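Visitor: Could you look at this predicted model? Sequence included:
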Amino acid sequence: MVPLKRRKVVPSHTGSTGTGLEAPNRFPQIVLFLLERKMGASRRAFLSQLGREKGFQVEEVFSDRVTHVVSENNSGDEVRVWLDSKTGGRGRTPAHLLDISWYTESMSAARPVEILDRHKLQEQQMNKAEVVTFSVPVYACQRRTTLDNHNTILTDALSLLADSAELSEDEGRGVAFRRATAVLKVLPKQVMDVTQLRRLPCLGEHSLRVIKDILEDGASTEVESTKQSERYKALKVLTGIFGVGVKTADRWIREGICDIQQLQTSGQTLNRAQRAGLEHYHNINQPVTRSEADAIGEIVDKAVASVLPGAQMTLIGGFRRGKLTGHDVDFLITHPEEGREVGLMPKVVSWLESKGFLLYEKTTRNSYLESKDGPSRPSSNMDRFERCFSIFKLSEEEKGGAQQTDSVSQNHSGESSHPVSGPEAGQKQWRAVRVDLVVSPISQFAFALLGWTGSKLFERELRRWAGHEKAMSLSSHALYDNNQRRYLRATSEEEIFAHLGLEFIPPSERNA
Ligand code: UTP
Ligand code: MN
């Protein structure tokens, strides 16, 4: 399936330059296109005009109508990569890829000369049987993305550029790099050559350039210089503080605050979340392990069971997708009887607080109201569940036997080289962990489960698929059919995929 935007019909250019020098179209079966790359704009314009004067159709813009692509000093592979970037993975153009010699000879003959081997651009043969040209569906929600990734060097590089774009509040560029990254994640083998990527969607010129640099030179200068840039490093550190977003980090950098120490001595006024974030900075930036997540799960389970018997708790987020570590732990809570979940969160939070499990919490109330006319945009994408952002105090004792095998938690259990003073200094018997709790009514549970399992890109792609391909609006609360003008109910994730006309993808394969 090709996204709507790409399906736009390319206006058919006659190639007329309005100079009045064109001869009538003498060879209607032949549509030529001259590649500007390496030829240069003026030589291309001159040669195109020459062709038109001799009665050839020479196009200004590449389109599906083109039958002969002519280039100078380009290899077949270079032309192919360029063409694929234009066709956006719609498949290979059947056009001939020809050297300029064919064109000049045809000009001299005033007719298209026979295409001989020496006219044809050679595309790399690379042991034909062994070269895999990969092919994948366009939307990430149509693909099975496991945690196995055969191209981590490439995906790490593109993820870094996505990070950097997001930290510069360039959402469009960020999404483009995330999509490119996600495509590489599903490839069954290591990429050896860019030509293998020909048929793939979502790889724009920029991403392809980065990939090519890495495959050919071992590194991308753009990625390396971004990684080293002071601004990128400062934004990463400051937004790593819980409660600090890009805007705040950016303002601080402009005021000369670039690291934790400078922030601590700056006298900046911090809000409650940021104070907690700063205090537990080191712990919060240590990956949470699966055994830590399970230990917290047991605590939350106990809390839920004691304040509302019958209520159920599910591990969501990255851990539900099978990730071994996470930046936080996410839980979804519901009750099988609609309405019984009302008022549950404050009770759970009080229970946890009374037992000394919470270092910080902020609860937001449920503000979701189903409108008869369907969800309004763009708030349809925002979650309005009752939600608690918290920082858990997880003691070694609660972790039980887990710490024996848990090298990460052992490493930071006695942190001392760390600049943050206070509870984190010295020998301590606990660590701080970010925990998100979400409460949903049972009628919205399947949507909440799907929406909170992620990955973020998988969710974004599900919503894009719903909107562009199915005229539906999907959120973590509901699915609305804009044509039928009604909500489509579901009690399981499988039903939601079915409503969307998608094959069911289990959580472990949503790691896009
Ligand atoms: P996370 O940010 O926790 O990501 O969001 P993650 O996949 O668990 O990975 P970690 O934690 O970095 O290891 C989990 C899911 O919850 C959704 C996101 O879309 C993601 O799919 N989410 C998160 C929301 O829907 N709304 C939010 O406000 C936050
Ligand atoms: Mn998470």
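Guide: Alright, I've got the coordinates. For clarity, every value in this text was computed on a predicted model and none was experimentally measured. Ligands and ions are numbered 1, 2, ... in the order given.

Visitor: Number of residues surrounding the nearest residue to Glu230 once chain neighbours are set aside?
Guide: The spatial neighbour of Glu230 that comes closest, neighbours along the chain excluded (CB to CB, 6 or more residues apart in numbering), is Cys258 at 6.9 Å. All C-beta spots, glycine's among them, are computed from the backbone N, C-alpha and C. By other CB atoms under 10 Å, 18 other residues sit near Cys258.

Visitor: before we move on, what about Asp117?
Guide: With other CB under 10 Å as criterion, Asp117 counts 6.

Visitor: Can you pull the residues of the chain lying near ligand 2?
Guide: Along the chain, the residues adjacent to ligand 2 under the rule CB under 5 Å from the ion are 317-318, 326, 328, 330.

Visitor: quick one: secondary structure of Val237?
Guide: Three-state call for Val237 (DSSP: H, G, I helix; E, B strand; the rest coil): helix.

Visitor: switch to numbering from 595
Guide: Yep, numbering from 595; the last one is Val831 now.

Visitor: what residues does this protein put near ligand 1?
Guide: Within reach of ligand 1 by CB under 6 Å from any ligand atom, the chain has these residues: 911-912, 917, 920-922, 924, 977, 1045-1046, 1048-1050, 1053, 1070.

Visitor: again, only using 5 Å
Guide: For the chain, the contact set with ligand 1 under CB under 5 Å from any ligand atom comprises 911-912, 920-922, 977, 1046, 1048, 1050, 1053.

Visitor: Select from the residues you listed the one having the most neighbours.
Guide: Using other CB under 10 Å as the neighbour test, the residues of the chain next to ligand 1 are led by Gly912, with 25 neighbours.

Visitor: and the residues of the chain next to ligand 2, which of them are in strands?
Guide: 920, 924 (DSSP state E).

Visitor: Where is pLDDT lowest across the residues of the chain next to ligand 1?
Guide: Ranked by pLDDT, those bottom out at Asp977, which scores 76.

Visitor: And the residue nearest to that one when sequence neighbours are not counted, how close does it get to ligand 2?
Guide: Counting by CB to CB, 6+ apart, Ser1070 is the residue found nearest to Asp977 once chain neighbours are left out, at 5.1 Å. Ser1070 sits 14 Å away from ligand 2, going by CB to the ion, to the nearest Å.

Visitor: I'd say Ser1070 and Leu1044 touch.
Guide: Yes. The pair Ser1070 and Leu1044 passes the contact test of CB atoms under 8 Å, sitting 7.4 Å apart.

Visitor: Now do the contacts for the residue of the stretch 845-994 of the chain at minimum distance from ligand 2.
Guide: Here the residue of the stretch 845-994 of the chain nearest ligand 2 is Gly911; by CB to the ion that distance is 3.2 Å. For Gly911, the contact set (CB atoms under 8 Å, 6 or more residues apart in numbering) comprises 920, 922-924, 1030, 1046-1048.

Visitor: if we go to 10 Å?
Guide: 887, 917, 920-926, 1030, 1032, 1046-1049, 1101 (CB atoms under 10 Å, 6 or more residues apart in numbering).

Visitor: What of Pro706?
Guide: 620-621, 623-624, 626, 650, 661-662, 696-697, 699-700.

Visitor: which among those residues gets closest to Ala751?
Guide: His662 (36.1 Å; CB to CB).

Visitor: how about the contacts of Pro706 in JSON lines, adding neighbour count, pLDDT and secondary structure?
Guide: As requested, the contacts of Pro706 are exported to JSON lines (neighbours: other CB atoms under 10 Å; pLDDT from 0 to 100; DSSP: H, G, I helix; E, B strand; the rest coil):
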{"residue": "Arg620", "neighbour count": "13", "pLDDT": "89", "secondary structure": "coil"}
{"residue": "Phe621", "neighbour count": "15", "pLDDT": "89", "secondary structure": "coil"}
{"residue": "Gln623", "neighbour count": "7", "pLDDT": "87", "secondary structure": "coil"}
{"residue": "Ile624", "neighbour count": "17", "pLDDT": "90", "secondary structure": "coil"}
{"residue": "Leu626", "neighbour count": "25", "pLDDT": "96", "secondary structure": "strand"}
{"residue": "Phe650", "neighbour count": "25", "pLDDT": "94", "secondary structure": "coil"}
{"residue": "Thr661", "neighbour count": "18", "pLDDT": "90", "secondary structure": "coil"}
{"residue": "His662", "neighbour count": "22", "pLDDT": "94", "secondary structure": "strand"}
{"residue": "Trp696", "neighbour count": "21", "pLDDT": "95", "secondary structure": "helix"}
{"residue": "Tyr697", "neighbour count": "25", "pLDDT": "96", "secondary structure": "helix"}
{"residue": "Glu699", "neighbour count": "15", "pLDDT": "95", "secondary structure": "helix"}
{"residue": "Ser700", "neighbour count": "24", "pLDDT": "94", "secondary structure": "helix"}
